[in-house]
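Novice: Turn this into a model:
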Amino acid sequence: MSTRESSGAEDPIIESRDQLVAPMQAGEKPKDAWRIGTEHEKLVYKRDDFHAPSYDEPCGIRDILMNLRDFGWEPIEENGKVIAMKGEDGTVSLEPAGQLELSGAPLENLHQTCAETGRHLSQVKEIGERCGVGFLGLGMWPDKTREELPIMPKGRYEIMMRHMPRVGSLGLDMMLRTCTIQVNLDYSSEADMAKKFRTGLALQPLATALFANSPFTEGKPNGYLSYRSHIWSDTDPHRTGMLPFVFDEDFGYERWVDYMLDVPMYFVFRDGKYIDAAGQSFRDFLDGKLPALPGEKPTASDWWDHLSTAFPEVRLKSFLEMRGADGGPWSRICALPAFWVGLLYDQTALDAAWDRVKHWSVEEREELRNAVPKHALDTPLPRGGTMRDLGKDILEIARLGLSNRARLNTSGDNETGFLETLDEIVASGKVPAQRLLDKYHGEWAGDIKRVYKYSF
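Specialist: Coordinates of the predicted model:
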C-alpha cells in the first residue's frame, strides 16, 4: 500500500472538478515515455521457528528495513518509526503484518525490471542471512492465523483495521495474510486509457489463474487455488470488483472521478498523522462538511490519498495498476509485467487482446471472476473452451506485442523470454497452487512447514 511522506510543497485546495480530473489527465504520456512499474510483496519469517517477526524484535521488520542502508537506501519515518526505505530502485515498505514490498522505479523495459527485482531479492537475502530471516513467495500465509501475526506501526493501517470488519468478513485477511505482484502502466490519452482499462479488467481473471498461488489456510488446503483472490470478494464491496461501468461507451476520467467520489473515505493526513474518516464522504469533504475535519476542504494531496484507497481488479491513478496476481518467486515476478506489457504496450497486440474478450457480458465477466479463484485454468469460458485455452491465445498475443517492441538486452535477446514460465504453466495445465497441493498430498505428507523450503 502507498507510503505517504509529508511535503513542504504548496498543496492547493480543491476548488473545482477540473482538479479532480487533473491527476488522470497528467498521466498521459507519449509512447516513447511509457514506463513499467512493478510492485511485489513477500512474506517474512524467522528461520528458527517460522514465526512472522514483529516490528521491534531483534532482526525484526525495523531492523530489516534499516539494514537496507548498507545498499544505499534511506529511511522514511512516520511518528518517529521507520516505515519504508527509498532509493534508486523505488521504495521498500512494510505491509500491515510486516510483508515486505518493493515498489519499483518506472523503467523502460523488462530487462531493467527483472534486473531491479534481482537486485532487491539479492539485498534482502543478504540481510536475511545476517538476521536468520527468510522470505516466502506465496499469495497468502500458508499456516498463520490472524492472531499469530504482528501489526506494523503505520497510522493508515490502524484505521483500516478498525473499519474492515464493518464492511466485510475477509478484509483483515487481505491486510494481514496476503501478498501480491502488481504492474503499473502508462497510457497516451483518455481513449487509450479506457481501452487498456477494459482489456486489463476483462483479462484479470486470466492473470489470477496463471499466478494462483494461495491454496492453504492455517496449514490445510482451503479449497481454492487463489484464496487471495477470493478474499477480495468479501473485503469491501464499495471499493473492489470488476467495475461494469468501465465497459460503458462513455467511460473516461469523469466517470472514474464519479466512482471515486462514491468510494467511502478511510482517513485524512494532517501534520504527519492520520485522522480517522472511515466511511465518510469525499463529496462532503468538497463542501467543507467532513465530520472528521469540519469546515476544512480537501487539498490535491487528500484527493491523491483517496485515489489510493479503492481496490478494484484494475485501478486508475495517473497510471493503470494491474492487481489480479498472487505473490510468487523471482521468475513469476518478472513474468507478470511481461504479460501485461506485451498485451497493452503494442497497438496490434492490444487490439487483438480486446477483440478476444470484448463480446463478454457483464454477467459473464463476473462469473469468470468468481470461478477462477477455485478452478484457475480449468474455469469454463462463457462461449466454449476453458481459461487454459484463453491462456494459450493471450500468451501468443503477448509474445507478439513484446516481439514488436523489440527491446533488446546486451545479448540481443528481446523481452519474450520472460513469458516462458507462463508458457510452461499453460502447457502443463497446472498453476503454481496445484503443484504445491501435489507436494502437500505427496512428498510433504501433509506437513505444511515443508513449504518454507521453497522460499526465495
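Novice: can we go C-alpha only for contacts and neighbour counts from here?
Specialist: Will do.
Novice: gap between Ala300 and Glu321?
Specialist: 20 Å (C-alpha to C-alpha, to the nearest Å).
Novice: ok but Tyr45 is inside a strand, no?
Specialist: Yes - under DSSP: H, G, I helix; E, B strand; the rest coil, Tyr45 falls within a strand.
Novice: Which pLDDT value belongs to it?
Specialist: Per-residue pLDDT puts Tyr45 at 98.
Novice: Repeat that for the one 4 residues further on.
Specialist: Model confidence at Asp49, given as pLDDT, is 97.
Novice: Tell me where the stretch 151-300 of the chain has helices.
Specialist: For the stretch 151-300 of the chain, the helices defined by DSSP state H, counting those that start in this stretch occupy 155-167, 171-177, 190-210, 227-231, 253-262, 282-286, 300-307.
Novice: Present those helices as CSV; the columns should include mean pLDDT.
Specialist: Formatted as CSV, the helices of the stretch 151-300 of the chain follow (pLDDT from 0 to 100):
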stretch, mean pLDDT
helix 155-167, 97
helix 171-177, 98
helix 190-210, 98
helix 227-231, 98
helix 253-262, 98
helix 282-286, 98
helix 300-307, 98
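Novice: List the contacts of Arg156.
Specialist: Listed by C-alpha atoms under 8 Å, 6 or more residues apart in numbering, the contact partners of Arg156 are Tyr266, Phe267, Tyr274.
Novice: Quick check, pLDDT for the residue nearest the centre of the chain.
Specialist: Nearest to the geometric centre of the chain sits Gln182, at 3.7 Å (C-alpha atoms, centre = their mean). If you check Gln182, the pLDDT there is 98.
Novice: thought it was touching Arg315?
Specialist: No - the pair Gln182 / Arg315 is not scored as a contact, 10.7 Å apart, by C-alpha atoms under 8 Å.
Novice: Dihedrals phi and psi, Ser318?
Specialist: Here is the backbone geometry of Ser318 (degrees, to the nearest 10): phi -100, psi 20.
Novice: ditto for the one 3 residues further on
Specialist: Per-residue torsions, Glu321: phi -110, psi 120 (degrees, to the nearest 10).
Novice: Give me the spatial nearest neighbour of the residue sitting furthest away from the middle of the chain, chain neighbours excluded.
Specialist: Most distant from the centre of the chain: Gly295, at 35.1 Å, with distances by C-alpha atoms, centre = their mean. Closest residue to Gly295 apart from its sequence neighbours, by C-alpha to C-alpha, 6 or more residues apart in numbering: Gly288 at 4.7 Å.
Novice: Burial check on that neighbour, number of neighbours?
Specialist: Neighbour count for Gly288, taken as other C-alpha atoms under 10 Å: 15.
Novice: Glu420 now?
Specialist: 16.
Novice: Can you tell me the element it falls in?
Specialist: helix 420-428 (DSSP states H and E).
Novice: Next SSE downstream of that helix?
Specialist: helix 432-441.
Novice: quick one: buried residues of that following helix?
Specialist: Buried residues in helix 432-441, counted by 16 or more other C-alpha atoms under 10 Å: Pro432, Ala433, Gln434, Leu436, Leu437, Lys439, Tyr440.
Novice: Verify the stated contact: the fifth one with Ser214.
Specialist: What it means is Leu437. No - with contacts counted by C-alpha under 8 Å, Leu437 stays clear of Ser214, the gap being 9.9 Å.
Novice: Give the residues shared as contacts by the two.
Specialist: Joint contacts of Leu437 and Ser214 (C-alpha under 8 Å, 6+ apart) do not exist.
Novice: quick one on the thing from earlier: name the nearest of the contacts of Arg156 relative to Phe71.
Specialist: Tyr274 (30.4 Å; C-alpha to C-alpha).
Novice: for the stretch 1-150 of the chain, which spans come out with low pLDDT?
Specialist: 1-9 (pLDDT under 70).
Novice: Strands along that one, start to end?
Specialist: 36-46, 74-78, 81-87, 90-94, 100-104, 133-136 (DSSP state E, counting those that start in this stretch).
Novice: Leu422: what's it in contact with?
Specialist: Leu210, Arg332, Ala335, Leu395.
Novice: of all these, which two lie farthest apart?
Specialist: The farthest-apart pair in the contacts of Leu422, when distances are taken by C-alpha to C-alpha, is Arg332 and Leu395, at 14.3 Å.
Novice: one step back: using TSV, lay out the contacts of Leu422 together with distance to Gly118 and secondary structure.
Specialist: Below are those laid out as TSV (distance: C-alpha to C-alpha, whole Å; DSSP: H, G, I helix; E, B strand; the rest coil):
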residue	distance to Gly118	secondary structure
Leu210	22	helix
Arg332	12	helix
Ala335	13	helix
Leu395	24	helix
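Novice: Skipping adjacent residues, who's closest to Pro329 in space?
Specialist: Pro329 sits nearest to Gly137 (C-alpha to C-alpha, 6+ apart), 4.9 Å away.
Novice: For Arg239, which non-adjacent residue is spatially closest?
Specialist: According to C-alpha to C-alpha, 6+ apart, the nearest residue to Arg239 is Ala310 (4.7 Å).
Novice: quick one, what contacts that neighbour?
Specialist: Arg239, Thr240, Met260, Val263.
Novice: Kindly reformat these as JSON lines and extend each row with distance to Gly80 and neighbour count.
Specialist: Formatted as JSON lines, the contacts of Ala310 follow (distance: C-alpha to C-alpha, whole Å; neighbours: other C-alpha atoms under 10 Å):
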{"residue": "Arg239", "distance to Gly80": "31", "neighbour count": "18"}
{"residue": "Thr240", "distance to Gly80": "33", "neighbour count": "19"}
{"residue": "Met260", "distance to Gly80": "32", "neighbour count": "23"}
{"residue": "Val263", "distance to Gly80": "31", "neighbour count": "22"}
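Novice: Just the residues you listed: which are in strands?
Specialist: Of the contacts of Ala310, none are assigned to strands by DSSP state E.
Novice: give me phi/psi at the residue nearest to His230 when sequence neighbours are not counted?
Specialist: Once flanking residues are discounted, His230 sits nearest to Pro373: 5.8 Å by C-alpha to C-alpha, 6+ apart. Phi and psi for Pro373, reported as degrees, to the nearest 10, are phi -60, psi -30.
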